[in-house]
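Undergrad: Pasted the sequence and its predicted model underneath.
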Amino acid sequence: DMMRVAGCFAPEDPAGTCVARVSEYTYLDKEIAHTPWTTSAKHWFTEAVFGYAPDFGESRDFYVRDPRGYIYLLKKKVAEVLLTSEETAKDIVLDDDRVRLNSKITKVRWDPAGKEAVVVTYCKTIKRSEYDHPCADAARTEIRARDFVSTFSFGVLKRSLELERHPISEADDVAPTFNPPLSSVPGLARVLDASDMGTLTKVFMEFECRFWNDTETFLLPYTKEDFSCDYLPLGFSLDASGSHAGANIFAVAAAGPRAEALSRANTTREIHDQVLPVLNRHFREGIHDCGRTELTSENILSTFVTDWFGDPQSRGCWYAPPLAGAATEFSLRAALLAEGPQFGNLHLSGEGTCERHKGWVPGAWFSGERTAKILLKNGREGFGDLDTRTLCDVDKSEMTFHRKTCEWRPRTLPSQSA
């Protein structure tokens, strides 16, 4: 049934062993960013998906396509407090000198006692590629603030911790360095060591001729090198009904070590050399219908490769608990967040700190909301009674959704009203 639904047939695999192995990638979440057999199913089945997803309604509400992208949501929110030069339903252009664009933080000096000002050092960057923005030169700029909110991914923080343990020259262009070091925060090093960032690499290719059918997801069992059946396990049509009709765009995806290998490819030709044999095996009939014996690089009009793994701003795509590590990591994380997420004037935020929605965009959103509330509660007069709860901490039974503002606000508990 899975072979029929996916539109994928493997005559070289009559027993279906490879198809069964590859189908595991779609069993729960095809973008889980880990190989299924190295990921904690207990976490994904009971917590991340089936446990907390009901916060946002039925599954039919999950799939929303907006040509403006996620960035418009962010711009719309920050436009409430930042100056803009353009604000329309199609685009928002920020024009506020409080936002340092094309810049990268290299050092953070903070105070565990929260008394001395934070000093943030940053450089101006140049764009070498979509995922490579090194410092333009040796010039550095310092700014001071009362607090520092870290929204760095756990992947970036893990890299910073690694540089603390094994210093290298020009480290500030690899990952931000902290003074005092991250390892001085009680429990943080243990949480980072026990955490794991997922790796998901996708290759999007625009072809001169569409050789696949109207199926959205394809299983592509293929064995090569040390990857048994899952060399490039998944294919996606962006030309399927309800998507980008006429685009002739097909994508393949890999997770875990195979995704890391893909991201290390130095040229587009290297990517094609890895992808084309898989496509030529699984889509022979369609390729023949396009008047080709087999696909070559010349049949690919353009290529784009996502590289969460190599991107120094992420160092992985999102948090995912490793096999047999979820319980240990959960207890360590719970202990850390019980002491924070504020440590002096260093605040940890981002999806990795949102226990109920880690690994998801809502986790990043609600963690930022929680951090803002903590800053107000602890640092501004008149906010001492502010309730800092968000969906990071409690379920929607303790929250009220306000449709006009699209915000979740804490409900007053009986003990509070009393």
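TA: Arrived safely, thanks for sending.
Undergrad: Model confidence for the closest residue in space to Leu82 that isn't next to it in sequence, exactly?
TA: Ranked by CB to CB, 6 or more residues apart in numbering and with sequence neighbours excluded, the top spatial neighbour of Leu82 is Asp96, at 4.3 Å. Quick note: C-beta positions are derived from backbone N, CA and C, even for glycine. Per-residue confidence (pLDDT) for Asp96: 94.
Undergrad: Equivalent analysis for Ser349, please.
TA: The model reports Ser349 with a pLDDT of 92.
Undergrad: Over to Ala245?
TA: 79.
Undergrad: what's it in contact with, if anything?
TA: Applying CB atoms under 8 Å, 6 or more residues apart in numbering to Ala245 gives the contacts Asp239.
Undergrad: where does it land in three-state SS?
TA: coil (DSSP: H, G, I helix; E, B strand; the rest coil).
Undergrad: again, but for Trp365
TA: Trp365 - assigned by three-state DSSP - is helix.
Undergrad: Check Gly384 too.
TA: Going by three-state DSSP: Gly384 is coil.
Undergrad: list the contacts for it?
TA: Lys377.
Undergrad: That one and Ala253: what is the separation?
TA: Per CB to CB, to the nearest Å, Gly384 is found 49 Å from Ala253.
Undergrad: Excluding sequence neighbours, find me the nearest residue to Gly350.
TA: Per CB to CB, 6+ apart, closest to Gly350 is Thr151, 4.4 Å.
Undergrad: isn't there a strand covering the residue nearest to Leu82?
TA: No - Asp96: not assigned to a strand; according to three-state DSSP it is coil.
Undergrad: That one reaches Leu83, doesn't it?
TA: Yes - using CB atoms under 8 Å, Asp96 is in contact with Leu83, at 4.2 Å.
Undergrad: which element is the residue nearest to Phe227 when sequence neighbours are not counted on?
TA: Using CB to CB, 6+ apart and skipping residues adjacent in sequence, the residue nearest Phe227 is Arg258, 5.4 Å away. Counting by DSSP states H and E, the element that carries Arg258 is helix 256-263.
Undergrad: Return the set of buried residues in that helix.
TA: Gly256, Arg258, Ala259, Glu260, Ala261, Leu262, Ser263 (16 or more other CB atoms under 10 Å).
Undergrad: now swap in stretch 306-313 and tell me
TA: Under 16+ other CB under 10 Å, the buried positions of stretch 306-313 are Thr306, Asp307, Trp308, Phe309, Gly310, Asp311, Pro312.
Undergrad: Go through these and name the one nearest His357.
TA: Trp308 (18.5 Å; CB to CB).
Undergrad: Just to check, that closest one is in contact with Gly316?
TA: Yes - assessed by CB under 8 Å, Trp308 is found in contact with Gly316 at 5.9 Å.
Undergrad: which neighbours do those two share?
TA: The contact sets of Trp308 and Gly316 overlap at Ala33, Thr199 (CB under 8 Å, 6+ apart).
Undergrad: Any idea how many residues pack against Ser153?
TA: 23 (other CB atoms under 10 Å).
Undergrad: Thr199 and Glu355: what is the separation?
TA: For Thr199, the distance to Glu355 - CB to CB - is 22 Å.
Undergrad: What of Leu238?
TA: 34 Å.
Undergrad: Same check on Arg269?
TA: Per CB to CB, Arg269 is found 44 Å from Glu355.
Undergrad: and what of Ser103?
TA: Going from Ser103 to Glu355 by CB to CB gives 31 Å.
Undergrad: if we can go back for a sec, redo the buried residues of helix 256-263 as TSV? Include pLDDT.
TA: Rendered in TSV, the data for those read as follows (pLDDT from 0 to 100):
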residue	pLDDT
Gly256	87
Arg258	91
Ala259	91
Glu260	90
Ala261	89
Leu262	90
Ser263	88
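Undergrad: What is the most widely separated pair among those residues?
TA: Gly256 and Ser263 (11.5 Å).
Undergrad: shared neighbours of those two, which are they?
TA: Common neighbours of Gly256 and Ser263, using CB under 8 Å, 6+ apart, are Thr199.
Undergrad: quick one, helices of the stretch 101-250 of the chain?
TA: 154-165, 188-194 (DSSP state H, counting those that start in this stretch).
Undergrad: one step back: number of residues surrounding the residue nearest to Gly350?
TA: Look at Thr151: counted by other CB under 10 Å, it has 16 neighbours.
Undergrad: So it sits against Ser349, correct?
TA: Yes - at 5.1 Å, Thr151 and Ser349 qualify as touching, with contact defined as CB under 8 Å.
Undergrad: shared neighbours of the two, which are they?
TA: Joint contacts of Thr151 and Ser349 (CB under 8 Å, 6+ apart) are Gly368.
Undergrad: In the stretch 51-200 of the chain, where is pLDDT below threshold?
TA: Applying pLDDT under 70 to the stretch 51-200 of the chain flags the ranges 51-54, 56-64.
Undergrad: OK, contacts around Trp212?
TA: Per CB under 8 Å, 6+ apart, neighbours of Trp212: Gly7, Phe218, Gly235, Ser237, Asp239, Phe250, Phe283, Gly286.
Undergrad: let's see it at 6 Å
TA: Ser237, Phe283, Gly286 (CB atoms under 6 Å, 6 or more residues apart in numbering).
Undergrad: just Thr106 next, same as before
TA: Thr106 neighbours (CB under 6 Å, 6+ apart): Thr121, Cys123, Asp172, Pro176.
Undergrad: mind redoing it with 7 Å?
TA: By CB atoms under 7 Å, 6 or more residues apart in numbering, the contact set of Thr106 is Thr121, Tyr122, Cys123, Arg140, Asp172, Asp173, Pro176.
Undergrad: Count the neighbours of the third one for me.
TA: Yep, that's Cys123 we're talking about. Quick note: Cys123 (other CB under 10 Å) scores 22 neighbours.
Undergrad: Done for today, thanks.
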